[in-house]
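Enquirer: Sequence and computational prediction follow.
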There are 2 protein chains.
Amino acid sequence: MSTTKLPSQAEDFPAWYVEVVKRAELAEHGPAKGSMIIKPHGYAIWELTQRALDDRFKATGHQNLYFPLLIPMSLLSKEADHVEGFAPQVAVVTRGGGQELEEPLAIRPSSESIIWHTYRRWIQSYRDLPLLYNQWGNVMRWEMRTRLFLRTSEFLWQEGHTAHATAAEAMEEALRMLEVYREVAEDVLGIPVFKGRKSPGERFPGAEETFTIEGLMRDAKALQCGTSHFLGQNFAKAYDVTFLDADGQLDHPWATSWGFSTRMVGATIMANGDDAGLRLPPAVAPIQVVIVPIFRTDEERASVLPVAEGLREDLAATGVRVRLDDRDQHRPGYKFAEWELKGVPVRIELGPRDVAAGHAILASRLGGEKERIPLAEIAPGMAARLASVQRELFADALAYREANTHEISSFDAFASGVEERGGFWIGAWCGDGDCEAEIGAKTKASIRFLPLEVTDPGAGCMHCGKPGAEVATWARAY
Amino acid sequence: MSTTKLPSQAEDFPAWYVEVVKRAELAEHGPAKGSMIIKPHGYAIWELTQRALDDRFKATGHQNLYFPLLIPMSLLSKEADHVEGFAPQVAVVTRGGGQELEEPLAIRPSSESIIWHTYRRWIQSYRDLPLLYNQWGNVMRWEMRTRLFLRTSEFLWQEGHTAHATAAEAMEEALRMLEVYREVAEDVLGIPVFKGRKSPGERFPGAEETFTIEGLMRDAKALQCGTSHFLGQNFAKAYDVTFLDADGQLDHPWATSWGFSTRMVGATIMANGDDAGLRLPPAVAPIQVVIVPIFRTDEERASVLPVAEGLREDLAATGVRVRLDDRDQHRPGYKFAEWELKGVPVRIELGPRDVAAGHAILASRLGGEKERIPLAEIAPGMAARLASVQRELFADALAYREANTHEISSFDAFASGVEERGGFWIGAWCGDGDCEAEIGAKTKASIRFLPLEVTDPGAGCMHCGKPGAEVATWARAY
């Protein structure tokens, strides 16, 4: 671990992010352009996020399955908007088994095409519906401007793909999964998010409606945290999928798709970190509690280590992810800084005098305050303590977002405000895509979301002055 | 579900396999040649297998991480045996983001090359060792002769990659993971396996020793179920990885790698199935217990369904994976056959007279015998019942393997025996690769494994008569 100081968030947020990802050993660049190696500490955060999502997918009736990585180019091209959106980003396999392929194969940028091609075989009758399926895997969207976790060619994610007999059911599903995403973002990753609709220009290629959860990072820039799409009958029509409804009428099924990716590891870093490094929500902290024994002599070592090990066992027995850092080559101060940087929520310091007095020192990663706690009370109280850290971290991020969410009083106030302080800006918009694009060009901000239900702003568009059609929330974003 | 009879195993095993995979809705072919769609029932078996493996990997000190899918061709080529082994099977990306790539990228056939290229940065001192890492993901090895689960271009697996300071430690690790594989194959998937060494000709490209677990399918053909490799210092040397040992001497670290794949879903089908279809070990049965309610009138329905639902809840509360099959469109007999085909270990039949008498009928997928059990005793006794099914299924497969494992009395007896009845054949071998190849050409059998420790056969080679160097076990294999 480097012992030079981290850049502060205020002084250079991008440099802070790069250094935290590197020093906390979360990820690094791979040999091929745009690729990423996810290191154990970063991957463990993703695994815990996966488990939180997967449990909720299953609780809402979904099953996992797996579709192939490679998609014939001709298949990808059937839904016009979809291929237009993805074509510039596709990686193409042209050789296999030592031969040129007859038809080039795309590495999936998303799996709607191969899945709806297959659903054609799986759906005949309303009795086959709904199909509530999810897939965990990797996808590839060519990128040259790599940013670890946030923007890489290959990323890991889940993609849900459902089919329904009615539009209303599909819409309900899209919103149900958006709520699952909100819950995981807020309750698990500690990131407050707004739920909303994307403007037509920001929709997923092939979607009729894209729903989003949007979070605010500690540089006051927004990040799209997960999207859920109501696809209408577009894919069913493009891939010729029909079913006989209960009345014997032939119809196209209605679709949703929804995705949540390793990008969210980046969001967790950026929404919760501080100048000392990561601050991990206990729900996804690979190590929730670290015990640092303190001793100088062999005698002290012999008195401290067994007690530390006993404490480790007691904590592990209650289900806490705990590590005893008994490395000999580092001093306690070095270990404190390393575990702070890596975001461990609770640190336990245990020296010979603590052992003699039957207590230990607990230090919180959040406030840094220290408490002296009797040894026997540490393990029984840890679950409640971690739950409290989880709540505090969320409250802290929420307070930050609230302090950085503004009503737009005039276009000029918005333009200078978003330039100076970032944040979310809420105001009336005429609903016109050209006006949206002009605002974007002038301010480098984009509409992050519209309310789930169209809402009358009761005022003219903040930019063009025409009658307001929507309440839009703007921000500069990743 | 098709209602025509399955082909019997004895009459046409390959056709039986194809039909079981299809009718039990485990998997189907994807649109690109050699690709596979894993359907929910098949994927759930894999998920349960993954969990069983992953828990054991973590219990033995391993962490997960993730390396990129795409590997620059120049990197893949650094270990000579490795590239020679994999080059004919590689799929190559030559276009990305609308442009020809400067350097073509291979889709990983295995990740030794990219991992050891990276370990060069991660390993400097003996304090950095051991590295005990595992990766879950997809790999690609070009295949035209597709067989679902057993042989597909893309498959899902885990690959462990460890680095150690000494040869002894690496050897211990390779054997430790082989034992984990044996445990999961036998105790979880219900497949008896032999542990052994591969002959030099059958080693993994770049390995100094390949260890294997070998199972016997119900057509008396062998299947390689998982391999663990002692890689020596080959990859460390090829990728220029060195470390300073405790004495300050520069050395190359020692490596292992080990993999277990979705092929094992195929093995589970073929080692445990019977003429009625799948027989799933409870440990990986997505549905362990199915409740089939029986009624004709609405009145009967009203008396039976609430009791069935109560039973389902009681079973679910004890952690059993249970499904109440209350579909209206199918008769009980159809449902019985469907769940038998899909391998559900225990079926509960519940009709109005059962409800009145306070009991239900339990039918075992194994023997087919039925038992009348009081309703209140079903849920409390189910865990023990499932554990017993797990044991019986394994015992049945073990008896089959024992009946099909033979000592070789003469080459002719072996050649005609393996032709007529398949099975494992154990005999003395001179240790010469040419002799091994000749035997293979004459019998279509291969050496499945040698004992973990070289064992003196105390007899001449069963083929060439030269002094025996090894005890070899032969079989025709997938």
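Expert: Here it is on my side, so go on.
Enquirer: Shouldn't A:V389 be within a helix?
Expert: Yes - checked against DSSP: H, G, I helix; E, B strand; the rest coil, A:V389 lies within a helix.
Enquirer: Quick check on the closest residue to it other than its chain neighbours: phi, psi?
Expert: In space, and not counting its chain neighbours, A:V389 is closest to A:P345: 4.8 Å by Cβ to Cβ, 6 or more residues apart in numbering or on different chains. C-beta: built from backbone N, CA, C; applies to glycine. The phi/psi pair for A:P345 (degrees, to the nearest 10) reads phi -60, psi -40.
Enquirer: Give me the neighbour count for A:P345.
Expert: For A:P345, the tally of surrounding residues (other Cβ atoms under 10 Å in any protein chain shown) stands at 25.
Enquirer: Same check on A:D326?
Expert: Using other Cβ under 10 Å, A:D326 has 15 other residues around it.
Enquirer: measure it to A:E300 for me?
Expert: A:D326 is 13 Å from A:E300, where distance means Cβ to Cβ, to the nearest Å.
Enquirer: Ok, A:A24 next?
Expert: Distance, A:A24 to A:E300, using Cβ to Cβ: 30 Å.
Enquirer: Compare those two (neighbour count), which wins?
Expert: Set A:A24 next to A:E300 and count neighbours by other Cβ under 10 Å: A:A24 wins out with 23 against 16.
Enquirer: My read is that that one contacts A:I45, right?
Expert: No - counting by Cβ atoms under 8 Å, A:A24 sits too far from A:I45 to count as a contact (10.1 Å).
Enquirer: in which helix or strand would I find A:I373?
Expert: strand A:370-374 (DSSP states H and E).
Enquirer: I'd like the average pLDDT over that strand.
Expert: Across strand A:370-374, pLDDT averages out at 96.
Enquirer: give the contact list for the nearest residue to A:L101 once chain neighbours are set aside.
Expert: The spatially closest residue to A:L101, leaving aside those adjacent along the chain, is A:T94, at 5.8 Å (Cβ to Cβ, 6+ apart). Residues in contact with A:T94 (Cβ atoms under 8 Å, 6 or more residues apart in numbering or on different chains) are A:100-101, A:104, B:92-95.
Enquirer: one more time with 7 Å, if that's ok
Expert: A:100-101, A:104, B:92, B:94-95 (Cβ atoms under 7 Å, 6 or more residues apart in numbering or on different chains).
Enquirer: Compare these and tell me which is most surrounded.
Expert: Going by other Cβ under 10 Å, B:V92 tops the contacts of A:T94 with 21 neighbours.
Enquirer: Look at A:M1 and report its pLDDT.
Expert: Turning to A:M1, the model gives it a pLDDT of 62.
Enquirer: Can you tell me which of the contacts of A:T94 is closest to A:G310?
Expert: The nearest member of the contacts of A:T94 to A:G310, counting by Cβ to Cβ, is B:V92 at 55.6 Å.
Enquirer: Give me the three-state assignment for the closest one.
Expert: Following three-state DSSP, we place B:V92 in the strand state.
Enquirer: Mind listing the residues bridging to the nearest residue to it once chain neighbours are set aside?
Expert: Nearest residue to B:V92, sequence neighbours excluded (Cβ to Cβ, 6+ apart): A:R95, at 4.1 Å. Beta-bridge partners recorded for A:R95 (DSSP bridges): A:E100, B:V92.
Enquirer: Enumerate the residues of the stretch 51-200 of chain A near chain B.
Expert: With Cβ under 7 Å from any Cβ of the partner chain as the criterion, the stretch 51-200 of chain A meets chain B at residues A:63-70, A:72, A:75, A:88-89, A:91-98, A:105, A:107, A:114, A:117-118, A:127, A:133, A:137-138, A:142, A:154, A:156.
Enquirer: 8 Å instead?
Expert: Residues of the stretch 51-200 of chain A lying near chain B by Cβ under 8 Å from any Cβ of the partner chain: A:63-72, A:75, A:87-98, A:104-105, A:107, A:114, A:117-118, A:127, A:133, A:137-138, A:140, A:142-144, A:153-154, A:156.
Enquirer: Show me the residues you listed that map onto strands.
Expert: Cross-referencing these against strands under DSSP state E gives A:63-64, A:70-72, A:91-96, A:104-105, A:107, A:133, A:137-138, A:140, A:154, A:156.
Enquirer: burial measure for the nearest residue to A:S228 once chain neighbours are set aside, as a count.
Expert: Nearest non-adjacent residue to A:S228, counting by Cβ to Cβ, 6+ apart: A:W258, 3.8 Å away. A count of neighbours around A:W258, defined by other Cβ under 10 Å, yields 26.
Enquirer: Likewise for A:A472?
Expert: Applying other Cβ under 10 Å, we find 27 residues neighbouring A:A472.
Enquirer: Equivalent analysis for A:E11, please.
Expert: 10.
Enquirer: got it, and A:E112?
Expert: Number of residues near A:E112 (other Cβ under 10 Å) recorded here: 30.
Enquirer: next one: A:A59
Expert: By other Cβ under 10 Å, 9 other residues sit near A:A59.
Enquirer: Distance-wise, check it relative to A:L53.
Expert: For A:A59 relative to A:L53 (Cβ to Cβ), the value is 11 Å.
Enquirer: Could you do A:E102 as well?
Expert: From A:E102 to A:L53 the distance is 38 Å (Cβ to Cβ).
Enquirer: still on that earlier bit, which among the residues of the stretch 51-200 of chain A next to chain B count as buried?
Expert: When those are checked for burial by 16 or more other Cβ atoms under 10 Å in any protein chain shown, the buried set is A:63-72, A:75, A:87, A:89-97, A:104-105, A:107, A:114, A:117-118, A:133, A:137-138, A:140, A:142-143, A:153-154, A:156.
Enquirer: Which parts of the stretch 201-350 of chain A are strands?
Expert: A:209-216, A:222-232, A:243-244, A:250-251, A:254-261, A:289-293, A:322-324, A:346-350 (DSSP state E, counting those that start in this stretch).
Enquirer: residues in contact with the following helix or strand past the last one?
Expert: What that stands for is strand A:346-350. Later in the chain than strand A:346-350, the nearest helix or strand by DSSP H and E is helix A:352-357. For helix A:352-357, the surrounding residues in contact (Cβ under 8 Å, 6+ apart) are A:294-295, A:300, A:303-304, A:307, A:360-361.
Enquirer: low-confidence ranges in chain A?
Expert: A:1-3 (pLDDT under 70).
Enquirer: can I see the domain layout of it?
Expert: Domain ranges of chain A: A:13-69+A:85-90+A:108-272, A:289-385, A:405-475, per automatic domain parsing.
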